[in-house]
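Novice: 3D model of this:
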Amino acid sequence: MTKTEIIIASEKVFNRFSKTCNSMDEVLLFKKPTAKWSTAENIQHLIISTKMTTLAYRLPKFIVWLVGGKPIRPSHTYEELKDKYYKKLADGGKARGVFVPKPIEIKYGKQKLMDNWQNATTAFMLALSKNRTEQNLDAYLARHPLLGRITLRELCYFTIFHTEHHLEAIHKISANQ
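Specialist: Below is the predicted model of the structure:
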């Protein structure tokens with residue numbers, strides 16, 4: 001995908017995610033299913049993930065280079081990276097540390113949660129659009145807790161399919177309530 005295609009795909013998935021969550025009843029949004037994250041916790045996880053991802057596009061390039069390095073291979077395709085991610089999940093990979101959302105209760109408020117989601121995605125889109133060129137996306141690496149060192153282009157791909165992954169999880173939660 002080109003940078004323009006990434007921006008369009010990101011906007012689409014962010015909008016679909018927002019529309020789905022905004023249309024949900026607040027009680028169901030915060031209801032915790034057995035042994036799974038609630039919809040609110042899925043949203044919180046994506047907020048955390050998106051904010052962390054945004055750093056790779058917001059920070060100066062030399063800092064990204066110091067932290068992640070320079071790639072010695074071309075970027076994987078969207079499908080290749082998605083396959084790698086799902087293989088990691090199948091092998092037992094899961095969110096750890098700061099990426100695990102804290103339990104969140106209804107008193108937090110649906111509107112506040114969705115405002116935080118909107119702020120995180122807006123910051124991501126702005127940082128990507130303004131701070132990185134098409135060439136930059138393949139010239140720097142970022143550290144990903146499950147996928148290892150990936151290019152900034154691959155990090156964009158991850159952000160898209162990771163949001164889709166949690167949107168599917170939310171649809172499953174809704175179907176079972």
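Novice: Report the contact partners of the residue lying closest to Arg58 once chain neighbours are set aside.
Specialist: Excluding the flanking residues, the one nearest Arg58 by CB to CB, 6 or more residues apart in numbering is Ala127, at 4.2 Å. Glycine gets a C-beta too; all of them are placed from N, C-alpha and C. By CB atoms under 8 Å, 6 or more residues apart in numbering, the residues touching Ala127 are 54, 57-58.
Novice: Put together a markdown table for these, with neighbour count on each row.
Specialist: Putting the contacts of Ala127 into a markdown table (neighbours: other CB atoms under 10 Å) gives the following:
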| residue | neighbour count |
| --- | --- |
| Thr54 | 22 |
| Tyr57 | 25 |
| Arg58 | 18 |
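Novice: What is the nearest of these to Ile72?
Specialist: Tyr57 (21.5 Å; CB to CB).
Novice: per-residue pLDDT, the residue nearest to Arg58?
Specialist: You'll see Ala127 listed with a pLDDT of 96.
Novice: Also Gln177?
Specialist: pLDDT, Gln177: 67.
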